[in-house]
Each structure stands twice: as C-alpha cells, then as structure tokens.
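Peer 1: just a sequence and a predicted model for now, questions to come.
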Amino acid sequence: MDNKTFPVIQLAVIFLAMFLTFGINNIAIASQPKHTVKVIFDTDLDSDVDDIGALAMLYNLHHAGEIELLGVIVTSDDPYAPVCAAALNTFYGLPELPVGFLKNQTELKHHSRYTKQIAEEFPSGIKTWEDAEDAGQLYRKLLAGNPDESVSIVTVGHLSSLQELLQSEPDVHSELNGKQLVGKKVKKWVCMGGQYPQGKEANFYRPDPASTVYCVSNWEKEVIFCGWEIGNPVITGANWLKEKLDSNHPVYRGYELYNGFAGRQSWDQIAVLQLFSQGKDLFSTIKGNCIVAPDGSNTWENTENGRHQYVVFKQGIAPETVSKYIDKLMAGEMEILKN
C-alpha cells in the first residue's frame, strides 16, 4: 500500500461510517410508530343515522392507524342502543371494545328506526343494556388508564354522560375527581352541538339542557364545536354508499332502515374529521367562547383569549367535497388518506 492509497481508504471508511450512522438513524425514525390520537366516542345512537356513519369512520380510521378508539359511550334512553353499538364493534373486529351506557335514567323507551334491528341481526358481546358498563365509570376507567394529555373526547349527542364524568368522585380507577381527571388526561373535546354564531340546536337543548350548561361552563380545556350549520349542507349515505356496501353490513342496514339511502346530513361525521390532520385540513376555526343559556340556546363571543373554537369550511372547500371524503371513509376506502 503506497502513501497515496492510504488517504483514499481512510476517506472511504469515514464515508461508510457516516452512511451507516445516518442510515440507521433514518431507519429508526421511519420505523417509529406515528402518534395516534386516542379517542372516546360519546354518542346518542338512536334518533339519527349520522351516529352510525361516524362510528364507521372511527372503526376504519382505527384499523388504518390514524386513531385508537378506546371505547364507546352511549348517551341514549333507547335500551337497544348499547347493544347496537356492541354489534357494530363486533362486526368491525373489535368485540372487546367497551361500551358504556347512561344507566341512571328513570325511563327507557325504544324509539329508533334501526337500533333494535341491528342489535338482533348482528352478534355482539352484550345481550341487553344492563350488560353494558356504566357510562361515567367507563369514562373514568379509560381516562385513568391512559397517559396524561393523550385522550380526545368526541361527543355527538346530549352531554349527560360527560356531566356525570365531570361530577364524579375519586374511586378505584383514580384518586382524582372528575374535573381533575379530565384536566390531567384529556387533550381536547370535540363537540357536535350548538349553532354558530348563535342559535338553538337539538344536542344542546334536548333532552338535558342543564348538562350542556354545566359541561360548557366547567370545561377548562380546549373545545372544538361543530355546529348544526357546518354539517347541514354535507349530504352523505346516499346511492354511492349503497353500492359500496354489502346488504348484510350493519352500516348498510342503518341507512336502509333510516331513510332508504335518501341521503342524510353529516353533523356527527364532521366532528370525527377534526381528529386527524387530513380531515382538519378541510376546515378553519373561529376562536372565542360559547355561551349557553338555560334553555340550551347558544351565542358566541369572539375573543382571541377564548378556549373555544367553532368550525367553518376552509375557503375554497365546497360541502360536496367534504361529502365525498366522508362517504369514502365510511365505506372503508382508506387510500384517500394517501392523497
């Protein structure tokens, strides 16, 4: 080996070492799992079919690794609603996903167009509403079992179960009371409710406006409100979805039983879109404070210091664009996430 060859070999060794170091680091970075949003979904799974559409999106996003669905809270007075939720969980390969039910109700009554049929036509791990976990207790268990500032709560119905969580006392799951537990474990709350900048919307005033007043007044974390007006022009669940699903699919049955695939507004699905970056890219938000009156009506105070936001369409985004996006997520066409 002459003196001219030695520096060349030294250089090659240096470059090889650099390649191995940076290459291994890049492989390690690439192999690290991406941050997954942990979600508790609180639904009034009975009166409308957009709850089923939102659940379909959540299941598909869960399997795609965009979110981790921790559990389903059913805030309804329909006794078939929690069994329907469990049947949906099972159909989507998540039979162990816990279902909570608001149990401290004086009267239960069946009034849904689809809950009884889906509960009876599809298998699930629970047979009656009594087999479901208590909503407030399940909230506490799920929050206590997850890292700090990691859980997003999505509510698409009235807020009775969320109020039960906020007013809960320390128990076997946590030494913290409800407000403390929320403050420690919850990252944000996405709420389908209200009308913006002002109005009166069903989730806020029916059947428990006092729970709305309490929750909005006592929530100290970030809240994103998806109002009636943002979901109203976004029509999904029509013929396109009918052609994509098998007739023995519970989502097919839900839309078939509800209105025969005539199309339906997408209030609840808009809330689900706020959980991941590509969905959020379709919208902008207005910052301020939501003020709820005792009758459940609401007004909006514009202020940069507010903890609340409400959702509006991003400039240039048409409702039809959002409709197509939601329909594909409901149908499980997850390649749309790669666009």
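Peer 2: Everything's here; your move.
Peer 1: what are the ranges of the strands in the chain?
Peer 2: Taking DSSP state E as the criterion, the chain contains strands spanning 37-43, 67-74, 99-101, 133-134, 151-155, 186-192, 222-226, 235-236, 264-265, 283-292, 298-302, 308-313.
Peer 1: which of the ones you listed sits most buried?
Peer 2: Ranked by mean neighbour count under mean count of other C-beta atoms under 10 Å, the strands of the chain are led by strand 99-101, which reaches a mean of 27. From N, CA and C alone the C-beta is placed, and that goes for glycine too.
Peer 1: and that strand, average pLDDT?
Peer 2: Strand 99-101 shows a mean pLDDT of 98.
Peer 1: which sections of the stretch 51-200 of the chain are below the confidence cut-off?
Peer 2: Along the stretch 51-200 of the chain, no part satisfies pLDDT under 70.
Peer 1: how far away is Leu143 from Gln180?
Peer 2: Separation of Leu143 from Gln180 (C-beta to C-beta, to the nearest Å): 10 Å.
Peer 1: ok, those two, which is more surrounded?
Peer 2: Set Leu143 next to Gln180 and count neighbours by other C-beta atoms under 10 Å: Leu143 wins out with 25 against 13.
Peer 1: the more buried one: what's it in contact with?
Peer 2: Applying C-beta atoms under 8 Å, 6 or more residues apart in numbering, we find Leu143 in contact with Ile40, Val151, Leu165, His173, Ser174, Leu181, Val182, Lys185, Val186.
Peer 1: switch those over to CSV; also include distance to Thr212.
Peer 2: Formatted as CSV, the contacts of Leu143 follow (distance: C-beta to C-beta, whole Å):
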residue, distance to Thr212
Ile40, 18
Val151, 21
Leu165, 14
His173, 26
Ser174, 25
Leu181, 20
Val182, 16
Lys185, 22
Val186, 18
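Peer 1: any idea how far apart the tips of stretch 313-324 sit?
Peer 2: Start-to-end span of stretch 313-324 (C-alpha to C-alpha, to the nearest Å) is 15 Å.
Peer 1: now it: buried residues?
Peer 2: Within stretch 313-324, the residues scored as buried using 16 or more other C-beta atoms under 10 Å are Phe313, Pro319, Val322, Ser323.
Peer 1: relative to Ser47, which of the residues you listed is nearest.
Peer 2: Ser323 (21.3 Å; C-beta to C-beta).
Peer 1: return the per-residue confidence for that closest one.
Peer 2: 98.
Peer 1: same question, Val37
Peer 2: If you check Val37, the pLDDT there is 95.
Peer 1: one more: Ile29?
Peer 2: 33.
Peer 1: ok, Phe283 touching Gln309?
Peer 2: No: applying C-beta atoms under 8 Å as the test, Phe283 and Gln309 come out as separate, 9.9 Å apart.
Peer 1: still on that earlier bit, okay, the strands of the chain in JSON lines with distance to His110 next?
Peer 2: Output for those, formatted as JSON lines (distance: least, C-beta to C-beta, whole Å):
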{"stretch": "strand 37-43", "distance to His110": "17"}
{"stretch": "strand 67-74", "distance to His110": "14"}
{"stretch": "strand 99-101", "distance to His110": "14"}
{"stretch": "strand 133-134", "distance to His110": "21"}
{"stretch": "strand 151-155", "distance to His110": "23"}
{"stretch": "strand 186-192", "distance to His110": "23"}
{"stretch": "strand 222-226", "distance to His110": "28"}
{"stretch": "strand 235-236", "distance to His110": "26"}
{"stretch": "strand 264-265", "distance to His110": "21"}
{"stretch": "strand 283-292", "distance to His110": "30"}
{"stretch": "strand 298-302", "distance to His110": "30"}
{"stretch": "strand 308-313", "distance to His110": "33"}
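Peer 1: hang on, the earlier thing: which of the contacts of Leu143 lies closest to Phe204?
Peer 2: The closest of those, once distances to Phe204 are taken by C-beta to C-beta, is Leu165, at 17.8 Å.
Peer 1: can you count the residues close to the residue nearest to the closest one when sequence neighbours are not counted?
Peer 2: Residue nearest to Leu165 in three dimensions, not counting chain neighbours: Tyr139, with 4.2 Å by C-beta to C-beta, 6 or more residues apart in numbering. Neighbour count of Tyr139, defined by other C-beta under 10 Å: 28.
Peer 1: thinking Tyr139 is in contact with Ser161, fair?
Peer 2: Yes: if you go by C-beta under 8 Å, Tyr139 and Ser161 touch, sitting 6.9 Å apart.
Peer 1: which residues are in contact with both of those two?
Peer 2: Ile73, Gly100.
Peer 1: correct me if wrong: Asn232 contacts Trp267.
Peer 2: Yes: between Asn232 and Trp267 there is a contact at 7.3 Å, judged by C-beta under 8 Å.
Peer 1: the two - which one has more neighbours?
Peer 2: More neighbours surround Trp267 than the other of Asn232 and Trp267, with 26 against 14 (other C-beta under 10 Å).
Peer 1: how much space separates that one from Gly53?
Peer 2: Per C-beta to C-beta, Trp267 is found 10 Å from Gly53.
Peer 1: ok, Ser323 - contacts?
Peer 2: Ser323 makes contacts with Val234, Ile235, Thr236, Ser266, as judged by C-beta under 8 Å, 6+ apart.
Peer 1: can you map out the helices along the stretch 51-200 of the chain?
Peer 2: Applying DSSP state H, counting those that start in this stretch to the stretch 51-200 of the chain gives helices spanning 81-91, 115-121, 135-144, 160-166, 178-185.
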